[in-house]
Structure formats: C-alpha cells, structure tokens
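J.: Model the structure of this input:
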Amino acid sequence: MQQCPTCGSLNPDNADVCADCGMELPGHGATPATPASVPETPAAAPFDFAPEAAPTPDASSPVPDPAPVEAAGNDPFAGSDWNFDLNKTPAVEEPVAPTPEPEAPPVDASPLPNAIESAPTQVIEPAPAPVIPTPTPTVPTGSAKLVLKRGGAPTGDVFTIGPSATVGRFDPESGPVDVDLAQLPESVYISRHHAEVNLRDGQWLVKDLGSRNGTFVKNAAGFTRVTGETPVANGDEVAFGNARFEFQIA
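T.: Residues are numbered from 1 along each chain as shown. Below is the predicted model of the structure:
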C-alpha cells in the first residue's frame, strides 16, 4: 500500500493516482512484475477516474495521522483577510437640505366681470303662536244669585242669597224664609222649608230639607236628586220642586 502525500489516503501499490483526491502518486512510474503468461495491462492515463470504489484498506496496515492543521488560537478573525483601520474617522453624511415647495400663486379676490351677485337669503321667521286667554276661574264670594228659568230661558226674576240661606215659601205657622218663592206660580210644588244653600270652605253646597217634591242639581252629567250636601258650581241649574233656577256666583 502506498500513501498519498497530498491527502494521506492509502492506495494500492499499482495505483498511479490517488483514488480520493486524484493527485499523482510518487511510485506510479514503477511497473510491477507480471507473469509471462499474463498480458501486460496498460497503465491508466493520468486523471482517468474510473467509477470503481476505493479499495478497503487492510486493518493490519497502520493508518497515518492526518496532516496537522495550524491552530488558529483564540482569534476569531484568524485566517481572514479583513483589514480594519482603527485610526480612520468614520465618514459623516452631510444633511441634505429639503427642496422648498413652489409657492401657490395668489388668488385674486376681486369680483369677476359680469359676475351675478346672489340675492341675500331672506329668513322667514315663523309667526308667533296665538295667545289663547286662559279663563279665569270664578272665585266663590259670599253671595250668589238664583235666576228663574222657564222653557229653558232665564227670566227677569232674580233672588239674591247670602253665604247661608233657606229656600222655601212664607207661612204664618212656620215663619219667614231667606229666599221666599211664595209669589211664583211654581210655589204650589215648593215646601215651606224646601232646601238650604251654604258656602263652606270656598265651595257652594245645596242640601234638601226633606221637601215633598225634592231638590235637583243639573250639570254636565245631567240632573241629580240631592240626598245630602251636593256641590253646585257657577252656571249649574238648581230645581226646587218644578221651579228651575240658574245658579250664578255674584
């Protein structure tokens, strides 16, 4: 076996070039002796690589150590051709001044010839809402009136009453009353002490005194027969028997 001086691989003695690196072996000029009966095999041309596998080295043959590699030491940049100039000042880029934008041409604010001016917009304010007068509530006073009605229409007979008055007709046995209806044709249906009208805590009240033909109050709800003290308002209709009156607060 012969060792390749370039890569250190073992090659057969009759090898001309190294099977691993292809370099020419030093003993390739020697021609091995061959028997006379065996025809001489021509030597392989240099760098004629055949697709043959490299022969397996004999286990008994000593394996040469690989060529020592020069230690690079602790320098991580050993073997490189970098060249650093530590005294060289780094170049500083000069700032580039921004290019000024072109100014826009001034706008002519003068009116154009033959320009049509727009008419001013007329603001139409809404008309104020009409003021609806609020009816003033009638405040009860200390007096009221009973206006006689016939056929649904008021007559000229008016009877004034105070804050407390008894309505009926005069009789010598029972005596006078505050509102005497004896002179009316309707008095035949009116009792001597027929009803009572009172003002209490700002409210007018009508009370029947046990009359034979009764006392009635007519409002928006219709006629109601008085069984106790019944409120009466301005404009309501009050009937004593068949004598009908409109109640008015004076």
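
J.: any chance you could map the strands in the protein?
T.: 2-3, 10-11, 144-150, 153-161, 164-168, 179-180, 193-200, 203-208, 215-219, 222-225, 230-231, 237-240, 243-249 (DSSP state E).

J.: Identify each buried residue in the fourth one, please.
T.: Of the residues in strand 153-161, those with enough neighbours to count as buried (16 or more other CB atoms under 10 Å) are 159, 161. In short, each C-beta sits where N, CA and C put it, glycine included.

J.: who does it pair up with?
T.: Strand 153-161 sits in its sheet next to strand 144-150 (antiparallel), going by DSSP bridges.

J.: can you redo the strands of the chain as TSV with mean pLDDT and distance to Glu24?
T.: Below are these laid out as TSV (pLDDT from 0 to 100; distance: least, CB to CB, whole Å):
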stretch	mean pLDDT	distance to Glu24
strand 2-3	78	12
strand 10-11	80	11
strand 144-150	96	154
strand 153-161	94	157
strand 164-168	96	158
strand 179-180	96	163
strand 193-200	96	149
strand 203-208	97	145
strand 215-219	93	144
strand 222-225	88	145
strand 230-231	94	145
strand 237-240	96	152
strand 243-249	96	149
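
J.: Val131: which of those strands is closest?
T.: Ranking the strands of the chain by their distance to Val131 (criterion: CB to CB) puts strand 243-249 first, at 26.5 Å.

J.: Show me what counts as buried in that closest one.
T.: 243-247, 249.

J.: my guess is Ala15 meets Met1, correct?
T.: No: Ala15 is beyond contact range of Met1, at 9.3 Å (criterion: CB atoms under 8 Å).

J.: For these two, indicate the residue with more neighbours.
T.: Set side by side, Ala15 and Met1 give different neighbour counts by other CB atoms under 10 Å, the larger being at Ala15 (19 against 12).

J.: Quick check: pLDDT value at that one.
T.: For Ala15, the pLDDT comes out at 80.

J.: Check the one 10 residues further on too.
T.: Confidence per residue is given as pLDDT, and for Leu25 that number is 76.

J.: Going forward, the N-terminal residue is numbered 310.
T.: Right, with 310 as the first residue, what we last looked at is Leu334.

J.: give the contact list for it.
T.: 311, 313, 320, 324-327 (CB atoms under 8 Å, 6 or more residues apart in numbering).

J.: contacting residues for the closest residue to Thr536 other than its chain neighbours?
T.: Distances taken as CB to CB, 6 or more residues apart in numbering put Asp517 closest to Thr536, at 7.2 Å, once the chain neighbours are dropped. Residues near Asp517 by CB under 8 Å, 6+ apart: 503-504, 523-524, 535-536.

J.: Make CSV from the contacts of Leu334 and add distance to Leu493 to it.
T.: CSV is the format used below for the contacts of Leu334 (distance: CB to CB, whole Å):
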residue, distance to Leu493
Gln311, 170
Cys313, 163
Asn320, 165
Ala324, 168
Asp325, 170
Val326, 165
Cys327, 162
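
J.: Identify the structural domains in the chain and state their residue ranges.
T.: Domain segmentation of the chain under automatic domain parsing yields 310-378, 453-558.
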